[in-house]
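1. Sequence first, then the predicted structure, then my questions.
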Amino acid sequence: MDTIKSVKGFKDFFGLDAEIFEAIEKTLFGVAEAYGYKRIILPVVEYTELFSRSVGEETDIVKKEMYTFTDKNERSLTLRPEMTASVARSYIENHFETYPTPFKVAYLGPCFRYENPQKGRYRGFYQFGVEAFGDDSPLLDAEVISLAFSALQKFNIKGLKVKINSIGCRKCRPNYRKALVDALTQHYDELCSDCKRRLETNPMRILDCKKESKELKDSLPKTIDYLRDECKDHFNAVTNYLISMNIPYEVDNTLVRGLDYYTRTVFEVISEDLGSQNALLGGGRYDYLIEELGGRPTPGVGFALGVERLIEILKAQKFTVKEKSIIYIAYQKSSITKAIKVAQTIRDAGFTVLVDTKCGNFKNQLERSAKRNAKFTIIIGESEIASNTLQIKNMATKEQKEIKEVELLNALKERQNA
Ligand SMILES: [Zn+2]
Ligand SMILES: [Zn+2]
């Protein structure tokens, strides 16, 4: 019979991948907690309109990449392609504006985009991110960048650097838009068919169209030259805070980020050692998102990071996860009740314990213990039961010692780090 394979673009995590995944999750939430972010867990399915209204009708994500389907009640639903929109929806629905500001949440979960799978890129992928709402202070932008930066530093990724830009607010946009459209109109024939349409609907999206050349993009007007005083001051304040925080950054005026909801600060963290084209994470400010989804005007700022790519990078730099040592229990068949009790006692004390399930002779059990890379094997036979003792064998040195059963936990703790 044919076996069933996983869906194209979807990945299983096991072994080292799963261990690194877990280490990433622990580390990222740990750093987020240090900045006062609390975890939020959200559904993977939302009404399609949430994404068309927030991510933007003219983005590749909404136009081409969403897993959208109609449920049995004829509603259009979408597997979330990113999580900021869901967090914003939840903010409005659950009245998070009644909490002290800035309201800070961190998340990790699967997202879905129908893209061509490439190395380290999947159709089902995991995103970690943070969002902070209700405060437009440039200090909050800098703090979010600092959180992102220190999170990556925890993994000893070398050459980290922040790329930052400001794309201004509603007041700055019209002048910029006009200059951009003028410049693009001169290159109309070079534009791809999508961008010819975007020139009318949403010209800023042309800046992150993958089909347009870098030369063309570099020649276009820069948002930074069209900022009004408020946005200019905000941007200068953010970069000044980054200096106080000792975070290396570079202003990159071609950076715009591919989603409609960004305003003012946009940023990426790159590693110069990994090639500057590849951002490890990206984020920015989105001061109109809540309002565009029907909430009261509420500023917001955040970032998101793809977990699969981080796993690839950590594997390439030989990241290891410190494994807990294993205690193996070998026993004679008649001593099985004692073996089960001993296992429970040391598990309760925090050790990882494997009880041999096949039993049989001690030689075979010790071989299985060695295959599992156990640090110690505890041997329980009839004579040990009679004398309330146990044998404890160090699997590396082969040294075996008889100890009193009551002394087992202390003996293991003493030897644990030896
Ligand atoms: Zn502005
Ligand atoms: Zn294009």
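-> Yes, it's here. Ligands and ions are numbered 1, 2, ... in the order given.
2. what residues does this protein put near ligand 1?
-> Residues of the chain that fall close to ligand 1, judged by C-beta under 5 Å from the ion: Gly168, Cys169, Lys171, Cys172, Arg228, Cys231. C-beta here means a position set from N, CA and C on the backbone, and glycine is covered the same way.
3. tell me the secondary structure for the residue of the stretch 301-418 of the chain found nearest ligand 1?
-> Of all residues in the stretch 301-418 of the chain, Val301 sits closest to ligand 1, at 15.2 Å by C-beta to the ion. Judged by DSSP: H, G, I helix; E, B strand; the rest coil, the three-state class of Val301 is strand.
4. sorry, back to before: give me the buried subset of the residues of the chain next to ligand 1.
-> Neighbour counting by 16 or more other C-beta atoms under 10 Å classes Gly168, Cys169, Cys172, Cys231 among those as buried.
5. Out of the residues you listed, the closest to Thr223 would be?
-> Set against Thr223, the nearest of these by C-beta to C-beta is Gly168 (5.5 Å).
6. before we move on, back to that, which one of the residues of the chain next to ligand 1 is nearest to ligand 2?
-> Checking the residues of the chain next to ligand 1 one by one against ligand 2 (C-beta to the ion), the nearest turns out to be Gly168, at 22.3 Å.
7. Looks like Arg205 contacts Glu57 (just checking).
-> No. With contact defined as C-beta atoms under 8 Å, Arg205 does not reach Glu57; the gap is 9.7 Å.
8. neighbour-wise, which of those two wins?
-> Higher neighbour count among Arg205 and Glu57: Arg205, with 23 against 13, using other C-beta atoms under 10 Å.
9. Tell me how far the more buried one lies from Gly284.
-> From Arg205 across to Gly284, the span is 15 Å (C-beta to C-beta, to the nearest Å).
10. In helices, which of the buried ones among the residues of the chain next to ligand 1 appear?
-> If you go by DSSP state H, those have Cys231 in helices.
11. Please work out how many residues are found near the residue in the stretch 201-350 of the chain that ligand 2 sits nearest to.
-> Minimum separation of the stretch 201-350 of the chain from ligand 2 (C-beta to the ion) falls at Cys209, amounting to 3.1 Å. Neighbour count for Cys209, taken as other C-beta under 10 Å: 16.
12. next one: Ile243
-> Per other C-beta under 10 Å, the neighbour tally for Ile243 reads 11.
13. Which other helices and strands does the helix or strand encompassing it contact?
-> In the assignment (DSSP states H and E), Ile243 maps to helix 229-244. Judged by 3 or more C-beta pairs under 8 Å, 6 or more residues apart in numbering; DSSP states H and E, helix 229-244 is in contact with helix 138-153, strand 160-166, strand 249-251, strand 263-271.
14. Contacts for it, please.
-> 136, 138-139, 141-143, 145-146, 162, 164, 166, 168-169, 171-172, 224, 227, 249, 251, 264-265 (C-beta atoms under 8 Å, 6 or more residues apart in numbering).
15. Got a quick PyMOL command for the buried subset of those residues?
-> Buried residues among the contacts of helix 229-244 (16+ other C-beta under 10 Å), as a PyMOL selection:
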select buried, resi 136+138+141+142+143+145+146+162+164+166+168+169+172+224+227+249+264+265
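16. which stretches of this protein have low pLDDT?
-> The chain contains residues with pLDDT under 70 at 275-277, 418.
17. does Met204 count as helix, strand or coil?
-> Going by three-state DSSP: Met204 is helix.
18. what about Asn361, neighbour count?
-> By other C-beta under 10 Å, the residues close to Asn361 number 10.
19. Let the chain start at 42 from now.
-> OK, 42 is where the count begins now, so the last one is Asn402.
20. Please state the backbone phi and psi of it?
-> Note on Asn402: backbone dihedrals following degrees, to the nearest 10 are phi -80, psi 160.
21. The residue of the stretch 242-391 of the chain closest to ligand 2 reaches Lys237, doesn't it?
-> No. The criterion here is C-beta under 8 Å, and Cys250 misses it with Lys237 at 10.7 Å.
22. Find residues that contact each of those two.
-> With C-beta under 8 Å, 6+ apart, Cys250 and Lys237 have no common neighbours.
23. Now do the strands for the stretch 42-191 of the chain: every range, in order, please.
-> Per DSSP state E, counting those that start in this stretch, the stretch 42-191 of the chain carries strands over the ranges 79-80, 86-88, 108-111, 117-120, 144-153, 165-174.
24. Out of these, indicate the one that is most buried.
-> Across the strands of the stretch 42-191 of the chain, the average number of neighbours (mean count of other C-beta atoms under 10 Å) peaks for strand 165-174, which reaches a mean of 23.
25. so how far is that one from its chain's centroid?
-> 6 Å (C-alpha atoms, centre = their mean, to the nearest Å).
26. State which helix of this structure is the longest.
-> Counting residues, the longest helix found in the chain (DSSP H) is helix 57-75.
27. Over to Arg218: give its phi and psi.
-> phi -60, psi -40.
28. Ok, the one 5 residues further on next?
-> Main-chain torsions, Asp223, degrees, to the nearest 10: phi -60, psi -50.
29. Contacts only, for it.
-> No contacts exist for Asp223 under C-beta under 8 Å, 6+ apart.
30. Next: Phe344.
-> Going by C-beta under 8 Å, 6+ apart, Phe344 touches Gly170, Val171, Val185, Ile186, Leu188, Ala189, Phe308, Leu322, Gly323, Gly324, Gly325.
31. and the closest residue to the first one other than its chain neighbours, what does it touch?
-> Distances taken as C-beta to C-beta, 6 or more residues apart in numbering put Ala345 closest to Gly170, at 3.5 Å, once the chain neighbours are dropped. Ala345 makes contact with Glu123, Met124, Thr125, Gln168, Phe169, Gly170, Leu322, Gly323, Gly324, according to C-beta under 8 Å, 6+ apart.
32. Need the phi and psi values for Ala345.
-> Main-chain dihedrals, Ala345, degrees, to the nearest 10: phi -140, psi 150.
33. beta partners of it?
-> For Ala345, the beta-bridge partners are Gly170, Gly323 (DSSP bridges).
34. how much space between the nearest residue to Glu123 once chain neighbours are set aside and Ser375?
-> Excluding the flanking residues, the one nearest Glu123 by C-beta to C-beta, 6+ apart is Cys152, at 5.7 Å. Applying C-beta to C-beta, the value for Cys152 to Ser375 is 55 Å.
35. Next: Tyr290.
-> To Ser375, Tyr290 is 69 Å away according to C-beta to C-beta.
36. you'd agree Leu225 is in a strand?
-> No. Leu225 sits outside any strand when classified using three-state DSSP, being helix.
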